[in-house]
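Asker: Okay, here's the prediction I keep looking at, along with the sequence it came from:
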Amino acid sequence: MSADLFEPFQLRDLTLSNRLVMAPMTRNRADKNNAVIPLTATYYQQRASAGLIITEATQISPEGVGYPGTPGIHSEAQVTAWQRVTAAVHAAGSHIFLQLWYCGRISHPNLLPNNATPVAPSAIRPQGQAITATGMQDYVMPRALETREMAGIVAQYKRAAELAKRAGFDGVEVHAANGYLLDQFLRDGSNQRSDAYGGSVQNRLRLLNEVLAATANTGQDCTAATRIYVEKGRAKDMREAVVEAMKNVRVGLPFDDDVVMGPLISSIQRERVSGFVDRAKSQGAKILTGGGVPKDLQQGYYYDPRDIEEVAAHHPDVREV
C-alpha cells in the first residue's frame, strides 16, 4: 500500500482523491433552529480539496445539545440545510461524513428543551462550566439514564444516520470521545452503574456497540466510523473488546495505545508525524495544525500543544491556527 498522502485511497465504496481528511471542528454558526446556514456550504466547499471531510459535531436530538449555535440532524429543516452542504462538497469532487453527537452531562438546562436536566450514565456532576446563550454557567448534577431509556438513545442515533444519508452524506462518524455521552459510559469516573451498561469494559462499551450497530445497519448503505477515547492503561482491554464487537459491523476504528487526551499525537507518533510533514512539504503542501492553547484549556482539543510545538520546532513551515 502506498504511503503517499496525495494518492487516491479506496474507503470501502468511496474513492477518495487523496489521503487527507479534514477533522471535525465546531463552528457554532447554526441558526435558531439548529440548522446550518448558507455560509456553511461555502465553508466546506472551500476545504473540499481534502479527500474526505468530517463535519463539525452535530447533535442527534434536541436533548443532545451542549453548546449554543451547533447544528442538528433531527428535523426536516436541518436535512434540507445540510443538503446544500453535501451538494457543494460533491460538486467540488470530495466526500463528506457527518459527525453524530450527544453531549450528555456536558450541557446545561438553559440549552435543553423545557430546561430539562442533562442526562449521563450516573448522577455525577462534571467540573467546569457550560457555555450558554446567557454566558458561562456551572454544570449541574445530571440525571442518570434509566436502563429502559437506552433503546431510545440508540434509536435517535439510527434515525440521525438515516437522515444524514437523506441529506446526501457519504457516511457518519459517531463521536464517542472528549467527555460526551458515549465517552461518559466508557469512563470509570463518570460511569458507576450496576446494570448491564456499567462495571466491566464489555458492559461500559455496550451502549457504544449498540449505537454503532444501529448506525452502520440503517439499510441506507451508510458507512460508519467512530471516534473513541481510550484511557491510558486500559487501551489493551478496550481494544480487544471493541475489535471483537465490531467484527460484523461496517465500522472504521483507528486506535492509538498511548494517548493522553485523545485522539492526540502521542510521543510515539512524533517521528511518524514529522515524516508526514516532510513528505507533504516536499510536494508543495502547506501544513496547518491545531494547538497553542493554554494548559488549562487543553482538555477536549484534538492535539496536545506540547507535541505540536515539538513538531513545529523542527518544521518552520508548520504554523498553529
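Answerer: Great, that's in hand. These numbers were taken from a predicted model, which means no experiment stands behind them. Residues are numbered from 1 along each chain as shown.
Asker: Strands along the protein, start to end?
Answerer: Shown for the chain, the strands assigned by DSSP state E span residues 9-11, 14-16, 21-22, 52-59, 95-101, 119-120, 129-132, 135-138, 143-144, 171-176, 223-228, 251-252, 288-289, 319-320.
Asker: Reformat those into TSV and put mean neighbour count and mean pLDDT next to each item.
Answerer: C-betas here are computed from N, CA, C, even on glycine. As requested, those are exported to TSV (neighbours: other C-beta atoms under 10 Å; pLDDT from 0 to 100):
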stretch	mean neighbour count	mean pLDDT
strand 9-11	15	84
strand 14-16	14	90
strand 21-22	17	90
strand 52-59	25	96
strand 95-101	27	95
strand 119-120	24	98
strand 129-132	17	94
strand 135-138	11	94
strand 143-144	16	98
strand 171-176	26	90
strand 223-228	24	59
strand 251-252	18	49
strand 288-289	16	44
strand 319-320	14	44
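Asker: I'd like to know which of the ones you listed is closest to Asn33.
Answerer: Using C-beta to C-beta as the measure, strand 52-59 is the one of the strands of the chain that comes nearest Asn33, at 12.3 Å.
Asker: CA atoms only for the closest one - export them in PDB, please.
Answerer: As requested, C-alpha coordinates have been extracted for strand 52-59 and formatted as PDB (Å, rounded to 0.1, in the frame of the first residue of the first chain):
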ATOM      1  CA  LEU A  52     -12.700  13.300   2.900                       C
ATOM      2  CA  ILE A  53     -14.300  15.900   5.200                       C
ATOM      3  CA  ILE A  54     -15.800  15.100   8.600                       C
ATOM      4  CA  THR A  55     -18.200  17.800   9.700                       C
ATOM      5  CA  GLU A  56     -18.500  19.600  12.900                       C
ATOM      6  CA  ALA A  57     -20.200  17.700  15.700                       C
ATOM      7  CA  THR A  58     -23.900  17.500  15.100                       C
ATOM      8  CA  GLN A  59     -26.500  16.700  17.800                       C
END
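Asker: got a list of what Glu149 touches?
Answerer: Neighbouring residues of Glu149 by C-beta atoms under 8 Å, 6 or more residues apart in numbering: Val119.
Asker: Contacts for stretch 108-117 next, please.
Answerer: Here stretch 108-117 makes contact (C-beta under 8 Å, 6+ apart) with 62-63, 65-68, 118, 130, 132-134, 137, 139-143.
Asker: do that again at 10 Å, thanks
Answerer: Applying C-beta atoms under 10 Å, 6 or more residues apart in numbering, the external contacts of stretch 108-117 come out as 59, 61-68, 70, 103, 105, 107, 118-119, 123, 129-143.
Asker: With Ala120 as the reference, measure out to the residue nearest to Gly128 when sequence neighbours are not counted.
Answerer: Once its chain neighbours are removed from consideration, Gly128 has its nearest residue in Tyr139; the separation is 5.9 Å (C-beta to C-beta, 6 or more residues apart in numbering). Applying C-beta to C-beta, to the nearest Å, the value for Tyr139 to Ala120 is 10 Å.
Asker: quick one: common contacting residues for the two?
Answerer: Once C-beta under 10 Å, 6+ apart is applied, the residues that Tyr139 and Ala120 both contact turn out to be 105-107, 126.
Asker: I'd like these written out as CSV, with distance to Lys165, pLDDT and neighbour count added.
Answerer: CSV is the format used below for those (distance: C-beta to C-beta, whole Å; pLDDT from 0 to 100; neighbours: other C-beta atoms under 10 Å):
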residue, distance to Lys165, pLDDT, neighbour count
Arg105, 29, 97, 28
Ile106, 27, 97, 22
Ser107, 27, 98, 30
Pro126, 33, 94, 21
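Asker: Closest one of those residues to Glu173?
Answerer: The shortest gap between Glu173 and any of the shared contacts of Tyr139 and Ala120 belongs to Ile106, at 18.1 Å (C-beta to C-beta).
Asker: Enumerate every residue touching the closest residue to the closest one other than its chain neighbours.
Answerer: Counting by C-beta to C-beta, 6+ apart, the nearest residue to Ile106 once its immediate chain neighbours are dropped is Gly66, at 5.0 Å. Residues in contact with Gly66, defined by C-beta under 10 Å, 6+ apart, are 26, 57, 59, 101-108, 111-112, 118, 130-132, 179-181.
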